[in-house]
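1. I would like to see how this sequence folds:
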Amino acid sequence: MTSTHNKLLRQRHGHAKVTNIELFFDLVFVFAVTQLSHRLLKDLSLMGAIQTSLLFLAVWWVWVYTSWVTNWLDPEKTPVRILLFAMMLAGLLLSASLPQAFGNKGLAFALVFVAMQVGRSLFMLWALRHEDGAVIRNFQRITAWLVLSGIFWVCGGLADEAYRLLLWTIALGIEYISPSLGFWTPRLGRSLTSDWNVEGAHLAERCSLFIIIALGESILVTGATFAELDWTTSNTLAFFFAFIGSVAMWWIYFNIGAERGSEHIAQSADPGRLARLVYTYIHLLIVAGIIAGAVGDELVLAHPHASLDDPAHSIAMIAGPLLFLLGNLPFKWISSGKRHAPLSHLAGLGCMAALSALAFVWPAMTATGLAGGMSAILLLVAIWETRSLRA
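-> Down below sits the predicted model:
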């Protein structure tokens, strides 16, 4: 998707490294991830989980769309930098509105979100104005779909809370289903994944850096919570389990998955299809698992001796490791090119299911025991995978 006449696009000669301005932009989402985890922690109800999940999907979508755009645009060019600075400012406003997005800041959230999505897409139309027809039509289709979803976002922001969830679910559904439909638009037709000529290794690196952001936020939450507590044997043990869980998550993702995924997409004949499936959709499960895991860690640190009578607390502690491993399973499977899923991950998911069932029927199990069991399973999966790869 490069052009010798368009100085705003990357001139690709090998792997395009992630630039400092891209890293600077990503730091905004540390705040967003923190806001999401705190929001869920304050409202551990079914509705709270649904609302936070919707907001997370929106935050992930605006970040991953921007990552696609900077895969094509050259962030070292001044107009592109100005775009990213504007997106950072909007991202801070978006993050600040998250706690009350379903309250009195709903319209603010919707307007900022739509401005980020549509504004970035309009910038791409301007940047690609001298490109060939297929390239420019691709972003014309994308812009049309984002404008359509934007109507529902803004209407949801204006609506009462009872209707806001419905309207925003429709808006999010439009945005998530549009890539799989090739952004089909009347008169313009649909885009092919071959039109999305991404530099695969760059997009893989961007996503791996977002994983680092989410893991870093998890560690920050754990450390901040532990610092405010009286250091007893119980919460020190819970702190140790939380740290082991974060290390195991890093090990599982970065020991082989991140590098192999980067190599696989770089060598693919259709990197656009892989980028859409693996890095746009599957990775959101991995990030969601890390965020939910941070919530579970904070609950255990605050109440290490708590029984598991409260299903909301138990599910919060189980959901993080389960979602993380569930996301890594297809990621490793697809990037390895093998015909079968990684056995270590399948066994880990089975052990987590068994431990979860035990937690609901064994009254003696405490929050610390459940957290320790989940962290131990993640660590065993990491060790198993490492040993099997060496063999």
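2. from here on, just use CA atoms for contacts and neighbour counts.
-> Fine.
3. what kind of secondary structure is Ile230 in?
-> In this structure residue 230 is Asp, not Ile. Following DSSP: H, G, I helix; E, B strand; the rest coil, we place Asp230 in the coil state.
4. quick one, helices of the stretch 1-150 of the chain?
-> For the stretch 1-150 of the chain, applying DSSP state H, counting those that start in this stretch gives helices covering 20-42, 46-72, 78-97, 106-127, 133-158.
5. restrict stretch 215-223 to CA atoms and write it as CSV.
-> Extracted as CSV, the C-alpha positions of stretch 215-223 are listed here (Å, rounded to 0.1, in the frame of the first residue of the first chain):
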residue,chain,number,x,y,z
LEU,A,215,0.4,-6.8,32.1
GLY,A,216,2.1,-3.7,33.4
GLU,A,217,-1.2,-2.3,34.6
SER,A,218,-1.9,-5.6,36.3
ILE,A,219,1.4,-5.4,38.2
LEU,A,220,0.8,-1.7,39.1
VAL,A,221,-2.6,-2.5,40.5
THR,A,222,-1.2,-5.5,42.5
GLY,A,223,1.7,-3.4,43.9
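6. buried residues in it?
-> Leu215, Glu217, Ser218, Ile219, Val221, Thr222, Gly223 (16 or more other Cα atoms under 10 Å).
7. let's test this: mean pLDDT of stretch 31-43, rounded?
-> Here stretch 31-43 scores 91 as its mean pLDDT.
8. contacting residues around that stretch?
-> Contacts to stretch 31-43, defined as Cα atoms under 8 Å, 6 or more residues apart in numbering, come from residues 48-49, 52, 55-56, 59, 92, 94-96, 98-99, 214, 217, 291-292, 294-295, 299.
9. in ChimeraX, select just the buried ones from these.
-> To isolate in ChimeraX the members of the contacts of stretch 31-43 that are buried, counting by 16+ other Cα under 10 Å, one can use:
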select :48,49,52,55,56,59,94,95,96,98,99,214,217,291,292,294,295,299
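10. isn't Tyr253 right up against Asn328?
-> Yes. Here Tyr253 reaches Asn328: they are 7.2 Å apart, a contact under Cα atoms under 8 Å.
11. more neighbours: these two, which one.
-> Between Tyr253 and Asn328, counted using other Cα atoms under 10 Å, the more crowded position is Asn328 (23 against 20).
12. what helix or strand is the residue nearest to that one when sequence neighbours are not counted located in?
-> Of all residues not flanking Asn328 in the chain, Ile286 sits nearest, at 6.5 Å (Cα to Cα, 6 or more residues apart in numbering). Ile286 belongs to helix 283-302 when assigned by DSSP states H and E.
13. which parts of that helix are buried?
-> For helix 283-302, the neighbour count (16+ other Cα under 10 Å) marks 283-301 as buried.
14. host element of Gly182?
-> Under the criterion DSSP H and E, no helix or strand holds Gly182.
15. look up how far Leu89 lies from it.
-> 30 Å (Cα to Cα, to the nearest Å).
16. give me the pLDDT value at Ile212.
-> Looking at Ile212, its pLDDT stands at 91.
17. for whatever helix or strand it lives in, name the packing helices and strands.
-> Using DSSP H and E, Ile212 sits in helix 200-227. Helix 200-227 sits against helix 20-42, helix 46-72, helix 233-252, helix 258-266, helix 283-302, with contacts defined as 3 or more Cα pairs under 8 Å, 6 or more residues apart in numbering; DSSP states H and E.
18. nearest to Val154, out of those?
-> helix 46-72 (13.7 Å; Cα to Cα).
19. need the helices of the stretch 1-150 of the chain in JSON lines (columns: distance to Ala367).
-> Converted to JSON lines, the helices of the stretch 1-150 of the chain look like this (distance: least, Cα to Cα, whole Å):
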{"stretch": "helix 20-42", "distance to Ala367": "15"}
{"stretch": "helix 46-72", "distance to Ala367": "20"}
{"stretch": "helix 78-97", "distance to Ala367": "30"}
{"stretch": "helix 106-127", "distance to Ala367": "35"}
{"stretch": "helix 133-158", "distance to Ala367": "38"}
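20. Asp310: which of those is closest?
-> Closest to Asp310 of these, according to Cα to Cα: helix 46-72, at 12.7 Å.
21. distance from the chain centre to the closest one, please.
-> 7 Å (Cα atoms, centre = their mean, to the nearest Å).
22. over to stretch 384-391?
-> That offset, for stretch 384-391, works out to 27 Å (Cα atoms, centre = their mean).
23. please point out which parts of it sit buried.
-> Trp384, Glu385, Thr386.
24. then stretch 156-169?
-> For stretch 156-169, by 16+ other Cα under 10 Å, it's Gly156, Gly157, Leu158, Arg164, Leu165, Leu167, Trp168, Thr169.
25. over to stretch 356-364?
-> Ser356, Ala359.
26. residue contacts, the residue nearest to Ala108 when sequence neighbours are not counted?
-> Nearest residue to Ala108, sequence neighbours excluded (Cα to Cα, 6+ apart): Ser97, at 6.9 Å. By Cα under 8 Å, 6+ apart, the contact list for Ser97 reads Lys105, Gly106, Ala108, Phe109.
27. over to Tyr163?
-> Per Cα under 8 Å, 6+ apart, neighbours of Tyr163: Gly156.
28. so how far is Pro342 from it?
-> From Tyr163 to Pro342 the distance is 42 Å (Cα to Cα).
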